[in-house]
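Novice: Sequence below, structure please.
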Amino acid sequence: MSEARRKAAPTRRRHKRHWALRVLGWLAALLFLGIIGAVASFFIVYQTTKIPDPNKEFATNTTTVTFADQRNSLGSFYEQNRHTVPLTQIPKSVQDSVIAAEDRTFWTNPGISPSGMVRAGVNIARGQQLQGGSTITQQYVKIMYLTQERTVSRKLKELFIATKLGRQQDKSKTLEGYLNTIYFGQGAYGISAAGDAYFSRPDPKTLTIQQSALLATVLNNPTLFDVTDPDPRTKKRIIDRYHYVLNGMQLMGTITPAQEKQYGNSLPSLAKMKKKSSRYAGPNGFLLDMARKELAQRGFDEDAITGGGLKVTTTFNYQQQKKILIAAKNEIPKKNAGLHVGMAAVQPGTGQLLALYGGPDYLKSQLNWATTKARPGSSFKPFALAAALQDGKSIYDIFQGDSPITIQGQKFGNELSTDYGDVTLLKATEESVNTAFYDLVDNKMDNGPEKVTAAAEAAGIPASKTLEDDKANPSTVLGPDAYASPVDMANAYATFAAGGIYSPLHVIKEVRGPDGKVLWSDASLQKQQKKAFEPEVANMVNYVLQQVVKDGTGTGAKDLDRPVAGKTGTAGGVAVEDRAENKKCGGCKDGSATLTSWWSAYTPQLSTSVLYRAGKDGESDLDPYSDDPAFFGGNWPLKTWLAFMKSALDGVPSADFVAPDADQVKDTTTPTFTPPPSTPASTPPPSTPPPSTPPPNTPPPSTPPPSRPTKTKPTEPPTTPIIPTLPTGGPTKPTNTPKTPGGGGQ
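Specialist: A predicted model of the protein is given here:
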């Protein structure tokens, strides 16, 4: 290299450094100007933001709920009960309980929560639901602006008001406004109305520390901490939150450690709760309650639900709902005192709950028999069938049909100890042969019970601790424990009807704000649809369950006069009235009662499940209500199902199921389906919703009981809380007997 070139090189490097410094300088200047502009904008907006008068600005707007047609009203959630009291009339213990529950740094923080703002920013960046801050000041601002518009501008407005309140307004005034506007549930806005609603004490000065702590507990989420909910899981949540509040009061010095321990031993007694609004009256009150609970699960808080002026459209079909109520009322045994019916109808391919019967009157009992989990009995066998097909089994494989069969050193039998000889899987499903399914799941499939529960969950049966615990239980295939509700079963069977495509169950179709903007739509659930089973498996399950109707335990469904696939199910044990005696006699009454009786069946357009139970808690014997040897699923459950389905499908063209491949239905013991490698979920087949037609003038004819009735008497399940799923709503009643394998019959 020449001397001249060696000398020129440093000059170019100096030029590069010069341009780099100039670019950095410009960037620094732009950043500085941006900061100046942001500060100036913040100052201008801050200065022009006005703090509203809460007593003038606070107002609730009625949230209305309609059926799917958006014409027929289902109800509303406007329940305001409010009485303002000055802070001087609210004892310090009451103030401290709320602060301990909601914002323990209230007296020292600037009115906003930086961590809450960061979370909101992250959610905005991710395109998720906007969230507000967690301070009392920010909650108070949100209450004053009850519009549910979920925009950045609204959140910024709340931020500025909260910041200004934190700097300019006395904290005591903010707390006073908050305590007079926050929603405590039971239609009560503010501490005075809450004290009256829960304890018949409208004067806050008369509230005890325990009562104050419980009110502070429920205000966080009156739906999640609903003191009127009999579900034991809700009570546990309330107790945990109650202890959290008491601990906060102890840390603040409001109560001593000894008092915290003393008060934490029990919840304060409630006054007789005022009756729910008459808008919940009748069987449709269960629909309104389910809609409210699903709104909460979709992220709408109590302020939005009770006073946000929302326009909620449900999935419930007005005409179909009328028809299901007629069937549940008219097509039941004449002797029906203490008898309960739960019914649910789901549209395959969409997950939309079209109609539901949870009981005659929500105001008289909030126990929803359509969402309360129960023992599914043999109606759980289709999931074993699907698991077997996935495992490479053929419907013509042979299994033991004679009774008894020995599993894990224990003997189990068929109903009435009936011997069927060697039977195919097809015949075992048609006649609901228990021993054949024991042989299939426990002898012929590796990890059989686990595969059955996996298939059930894939179809739509909610995962639960009970199912998890039963993954090694040989009787899992016979549904001996409280695995599912009619809503769950209707949706799981709808997965088979939809060619193996699972759709999440829901009751909310659309939510709009007061301005008409769509805040949520069930179109967003389409991405949650998934292929639960290969089409070949689903088509074969549909084929086999059609044979149950043609030649098996569900022949009464042939009166629908269109292709139907379904399964009966009964589950037995010891009636609640006999359990004390059974314990004394060492199990002499094991399996003496029929505790649940099902008929779950579907056409390509509609999946409906019917469940019968008896007694206050659904744990009494059903047999006295039937003239049959037992309360079989092929009798009254099928009759009630048929009464609804005939009306629901009136005018709807008959549709055939997709037939399995011809090779699959050949009578051979060679497996006809080989599980393919995993493939992306396919698009669910289109489904035709049942039309809105008036109910028939005459009830459908009664159907005879199945030609080969059998009765199941499994032993009863243990005490195990059942984890619910959205949007079921009703509580589960746990049972109290030890775990032993049981059975499920027809």
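Novice: List the buried residues in the helix or strand where S97 lies.
Specialist: Using DSSP states H and E, S97 sits within helix 92-102. By 16 or more other Cβ atoms under 10 Å, the buried positions in helix 92-102 come out as 93-102. Every C-beta, even on glycine, is put in place using the N, C-alpha and C of the backbone.
Novice: Just name the closest of those to P257, please.
Specialist: A100 (14.4 Å; Cβ to Cβ).
Novice: how about the closest one, what does it touch?
Specialist: By Cβ atoms under 8 Å, 6 or more residues apart in numbering, the residues touching A100 are 216, 245-249, 251-252, 254.
Novice: okay if I get those residues as JSON lines plus neighbour count and secondary structure?
Specialist: JSON lines is the format used below for the contacts of A100 (neighbours: other Cβ atoms under 10 Å; DSSP: H, G, I helix; E, B strand; the rest coil):
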{"residue": "A216", "neighbour count": "28", "secondary structure": "helix"}
{"residue": "V245", "neighbour count": "26", "secondary structure": "helix"}
{"residue": "L246", "neighbour count": "27", "secondary structure": "helix"}
{"residue": "N247", "neighbour count": "15", "secondary structure": "helix"}
{"residue": "G248", "neighbour count": "21", "secondary structure": "helix"}
{"residue": "M249", "neighbour count": "26", "secondary structure": "helix"}
{"residue": "L251", "neighbour count": "13", "secondary structure": "helix"}
{"residue": "M252", "neighbour count": "14", "secondary structure": "coil"}
{"residue": "T254", "neighbour count": "21", "secondary structure": "coil"}
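Novice: re the thing from before, okay if I get the buried residues of helix 92-102 as TSV plus pLDDT and distance to M343?
Specialist: TSV is the format used below for the buried residues of helix 92-102 (pLDDT from 0 to 100; distance: Cβ to Cβ, whole Å):
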residue	pLDDT	distance to M343
S93	95	49
V94	96	46
Q95	96	49
D96	96	49
S97	96	43
V98	96	43
I99	96	47
A100	95	45
A101	95	40
E102	93	41
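Novice: Just name the closest of those residues to P360, please.
Specialist: In terms of Cβ to Cβ, no member of the buried residues of helix 92-102 lies closer to P360 than A101, at 37.9 Å.
Novice: For the residue nearest to the closest one when sequence neighbours are not counted, which residues are in contact?
Specialist: Nearest non-adjacent residue to A101, counting by Cβ to Cβ, 6 or more residues apart in numbering: A216, 3.9 Å away. A216 makes contacts with 97-98, 100-102, 245, as judged by Cβ under 8 Å, 6+ apart.
Novice: how much space is there between A216 and F184?
Specialist: The gap separating A216 from F184 is 9 Å, by Cβ to Cβ, to the nearest Å.
Novice: got it, and I136?
Specialist: Applying Cβ to Cβ, the value for I136 to F184 is 14 Å.
Novice: who's more crowded, the two?
Specialist: Neighbour count, other Cβ atoms under 10 Å: between I136 and F184, I136 has more, with 27 against 23.
Novice: How about the contacts made by that one?
Specialist: With Cβ under 8 Å, 6+ apart, I136 has these contacts: 98-99, 102-103, 106, 174-175, 178.
Novice: Not counting its neighbours along the chain, what's nearest it?
Specialist: D103 (4.2 Å).
Novice: neighbours of the one you found, just the number please.
Specialist: Other residues near D103 number 20, with proximity taken as other Cβ under 10 Å.
Novice: cool, and T228?
Specialist: When neighbours are defined as other Cβ under 10 Å, T228 has 11 of them.
Novice: Make sure it is actually in contact with L363.
Specialist: No - counting by Cβ atoms under 8 Å, T228 stays clear of L363, with 11.7 Å between them.
Novice: ok, now which ones touch K393?
Specialist: Contact analysis of K393 by Cβ under 8 Å, 6+ apart lists 425, 440, 444-445, 671.
Novice: how would you label it: helix, strand or coil?
Specialist: Put simply, K393 is coil when judged by DSSP: H, G, I helix; E, B strand; the rest coil.
Novice: same check, this time on M343
Specialist: Secondary structure, three-state DSSP: M343 is strand.
Novice: In contact with it, which residues?
Specialist: 324, 327-328, 355-357, 370, 486, 608-611, 640-641, 644.
Novice: can you check T223 too?
Specialist: Applying Cβ under 8 Å, 6+ apart, the residues near T223 are 185, 292-293, 296, 302, 305.
Novice: ok, 6 Å please
Specialist: By Cβ atoms under 6 Å, 6 or more residues apart in numbering, the contact set of T223 is A296.
Novice: was I right about P404 contacting E415?
Specialist: No - with contacts counted by Cβ atoms under 6 Å, P404 stays clear of E415, the gap being 11.8 Å.
Novice: When the two are compared, which one has more neighbours?
Specialist: Between P404 and E415, counting by other Cβ under 10 Å, E415 is the more crowded of the two (25 against 16).
Novice: Quick check: that one vs K171, distance?
Specialist: If you measure E415 against K171 using Cβ to Cβ, the figure is 70 Å.
Novice: Would you map the strands across the stretch 251-400 of the chain?
Specialist: All strands of the stretch 251-400 of the chain, identified by DSSP state E, counting those that start in this stretch, fall at 311-314, 339-347, 352-357, 398-400.
Novice: do you know which of these lies nearest D69?
Specialist: Nearest of the strands of the stretch 251-400 of the chain to D69, taken as Cβ to Cβ: strand 311-314 at 8.7 Å.
Novice: Could you name the helices and strands sitting against the closest one?
Specialist: Applying 3 or more Cβ pairs under 6 Å, 6 or more residues apart in numbering; DSSP states H and E, we find strand 311-314 packed against strand 64-66, strand 508-512.
Novice: Need the residues that contact the first one.
Specialist: Strand 64-66 is touched from outside by 73-76, 291, 311-313, with contacts defined as Cβ under 6 Å, 6+ apart.
Novice: Give me the buried subset of those.
Specialist: By neighbour count, with 16+ other Cβ under 10 Å, the contacts of strand 64-66 hold 74-76, 291, 311-313 as buried.
Novice: Just put the buried residues of helix 92-102 in a markdown table and tack on distance to S378.
Specialist: Output for these, formatted as a markdown table (distance: Cβ to Cβ, whole Å):
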| residue | distance to S378 |
| --- | --- |
| S93 | 57 |
| V94 | 55 |
| Q95 | 58 |
| D96 | 57 |
| S97 | 52 |
| V98 | 52 |
| I99 | 55 |
| A100 | 52 |
| A101 | 48 |
| E102 | 50 |
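Novice: Report how many residues lie close to T418.
Specialist: 16.
Novice: Tell me the secondary structure at S609.
Specialist: Under three-state DSSP, S609 falls in the strand class.
Novice: burial of it, as a residue count?
Specialist: Using other Cβ under 10 Å, S609 has 33 neighbouring residues.
Novice: For it, give me its contacts.
Specialist: Going by Cβ under 6 Å, 6+ apart, S609 touches 344, 486, 489-490, 600.
Novice: could you redo the last one with a cut-off of 7 Å?
Specialist: Applying Cβ atoms under 7 Å, 6 or more residues apart in numbering, we find S609 in contact with 344, 486, 489-490, 493, 598, 600.
Novice: Report the two of the residues you listed separated the most.
Specialist: Distance extremes for the contacts of S609: the farthest pair is A344 and W598 at 11.7 Å, using Cβ to Cβ.
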